[in-house]
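Novice: Here you go, sequence then predicted model.
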Amino acid sequence: MDKDEIISLVEKHERWRGQNCINLIPSENVMSPTVRSLLSSDLGHRYTAKDRFYMGTRFTDEIEQYGEKLAREVFHSQTADLRPLSGHIADLIFLGCFTRPKDTLLCVSPDDGGYPGIQKKGAPSFLKLRVVNFPFSRERMNIDVDQASDLILKVKPKAVIFGASRILFSHPIRELAKLAHEIGAHVGFDGSHVLGLIAGEQFQDPLREGASVLFGSTHKSFFGPQGGILLADAEHGKVIKPKIFPAFVDNAHWNRIAALALALAEAKKFGKPYARQMVRNAQAFAKALADVGFPVACSELGYTRSHQVFLDYGSSKSSRKVARRLEKANIILDCGVRVGICEATRRGMKEDEMSRIAGFMKRVVLGNEQPHRVKTDVVKFMVEFQKVVYFFE
């Protein structure tokens, strides 16, 4: 019965999350059918290696090379590497290549939306790095430039990482990168959440604004398979590429790389209209939520310029309660509460649908309607959005 039980659980998940839920987690997206199909190709059984240890790899190698070419074109970088198995591994590669024990890393605190994986208990603990966090304005949901300038001169970090897991607005790379370079720091941007917006030229352009390396996940606002990517200037690329194997990645999962290469081709063709619609949807959703009474952050700044909307409940206990109640109505958020519209946009939803979803959420959270009654309407609503858009049909 083991086989039947496992298959049954997957099928139940597919029906629930894949068909009957409004998925609003900002760190998730959906692949196109063709990209998804490549994950189950024969490449999933195979190896290749830079030292040519394995035979029979000529098509595998061509796929990787073509994928890197597409990545350089989409992100306008001099170097690209698709081998990192996750955004976290990409973070680790950047830090491992450009820091040494006792060096200082400057990045955004988790309390301000920063990624916990590059904090004291994450990768820096093994690399023996000192972690210092950016001064941050909660009102503007962004790094405080003046205070950060003073801090850079004071602590002289060896690595500076912009970007965050909760990110509504562009980070001030242009204002701070020159100063960081002057004191000898390596400047990176963790684009895990906003990579699709960067590809679609609707957020900021880190590599043109002063970052030397752009890295992160490929499955959030970018619509690829779960995994990581590194983009860099030529100077930093020469350091990074020879060190990835065997220090950080051995088998890079070539079925994933093939799927990522096709997702990059989709981004080259459809990335701009997709990113534009994401931003429009996020802003429309934020306004609709605020209009019905939700505590949407940064109203005076237009709420957001990314794929995220932030509901500021002030405590994790309150936000978790909201997320759990919405889950009962098949509306899936994280416990942040960050609301993301990257998957909704990929499924073809636009501004009108954002208002409809805000209405469902109002009924559950503010109207105190029984979630199972709203769930019925959510399932009917999702019947209209079972296919993805912005891909080669």
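Specialist: On my side now, so go ahead.

Novice: Could you check how many residues crowd around the nearest residue to residue 336 once chain neighbours are set aside?
Specialist: When the adjacent residues along the chain are set aside, residue 336 lies closest to residue 319, with 6.2 Å between them (Cβ to Cβ, 6 or more residues apart in numbering). Every residue, glycine included, has its C-beta placed from N, CA and C. Neighbour count of residue 319, defined by other Cβ atoms under 10 Å: 20.

Novice: now residue 378
Specialist: 20.

Novice: Ok, the one 4 residues further on next?
Specialist: Here the count is done by other Cβ under 10 Å, and residue 382 has 17 residues near it.

Novice: Excluding sequence neighbours, find me the nearest residue to residue 249.
Specialist: Across the structure, with Cβ to Cβ, 6+ apart as the measure, the residue nearest residue 249 apart from its sequence neighbours is residue 83 (4.8 Å).

Novice: Which elements pack onto the longest helix seen in the chain?
Specialist: Ranked by number of residues, the top helix in the chain under DSSP state H is helix 254-292. In this structure, helix 254-292 packs against helix 33-38, helix 58-75, helix 195-199, strand 308-310, helix 342-346, helix 351-361, with contacts taken as 3 or more Cβ pairs under 8 Å, 6 or more residues apart in numbering; DSSP states H and E.

Novice: quick revisit: spit out the contact partners of the residue nearest to residue 249.
Specialist: Taking Cβ atoms under 8 Å, 6 or more residues apart in numbering as the criterion, residue 83 is in contact with 244-245, 249, 252, 257.

Novice: could you dump the helices and strands packed on helix 254-292 to TSV with mean neighbour count, mean pLDDT and distance to residue 231?
Specialist: Listed next are those as TSV, based on neighbours: other Cβ atoms under 10 Å; pLDDT from 0 to 100; distance: least, Cβ to Cβ, whole Å:
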stretch	mean neighbour count	mean pLDDT	distance to residue 231
helix 33-38	16	98	20
helix 58-75	17	97	5
helix 195-199	28	98	9
strand 308-310	28	98	22
helix 342-346	27	98	20
helix 351-361	19	98	31
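
Novice: In CSV, list these along with distance to residue 164.
Specialist: CSV is the format used below for the helices and strands packed on helix 254-292 (distance: least, Cβ to Cβ, whole Å):
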stretch, distance to residue 164
helix 33-38, 27
helix 58-75, 19
helix 195-199, 13
strand 308-310, 10
helix 342-346, 16
helix 351-361, 23
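
Novice: Select, out of these, the one closest to residue 300.
Specialist: Distance to residue 300, taken as Cβ to Cβ, is lowest for strand 308-310 among the helices and strands packed on helix 254-292, at 13.8 Å.

Novice: so what does that closest one touch, helix or strand wise?
Specialist: Using 3+ Cβ pairs under 8 Å, 6+ apart as the contact definition, the elements that strand 308-310 packs against are helix 254-292, strand 338-340.

Novice: from those, which stretch is densest packed?
Specialist: Per-residue neighbour counts averaged over each of the helices and strands packed on strand 308-310 give the maximum for strand 338-340, namely a mean of 26 (mean count of other Cβ atoms under 10 Å).

Novice: Can you tell me what sits against that one?
Specialist: Contacts of strand 338-340 (Cβ under 8 Å, 6+ apart): 24-28, 165-166, 220-221, 285, 289, 307-311, 333.

Novice: measure the residue nearest to residue 262 when sequence neighbours are not counted to residue 73 for me?
Specialist: With Cβ to Cβ, 6+ apart as the criterion, residue 262 has its nearest non-adjacent residue at 5.0 Å, and that residue is residue 35. According to Cβ to Cβ, to the nearest Å, residue 35 and residue 73 sit 18 Å apart.

Novice: now swap in residue 42 and tell me
Specialist: Distance, residue 42 to residue 73, by Cβ to Cβ: 27 Å.

Novice: same check, this time on residue 140
Specialist: Between residue 140 and residue 73 the distance, using Cβ to Cβ, works out to 34 Å.

Novice: Which of the three states applies to the residue nearest the centre of the chain?
Specialist: Nearest to the centroid of the C-alpha atoms of the chain, with distances taken as Cα atoms, centre = their mean, sits residue 193, at 2.4 Å. Of the three states, residue 193 takes coil under DSSP: H, G, I helix; E, B strand; the rest coil.
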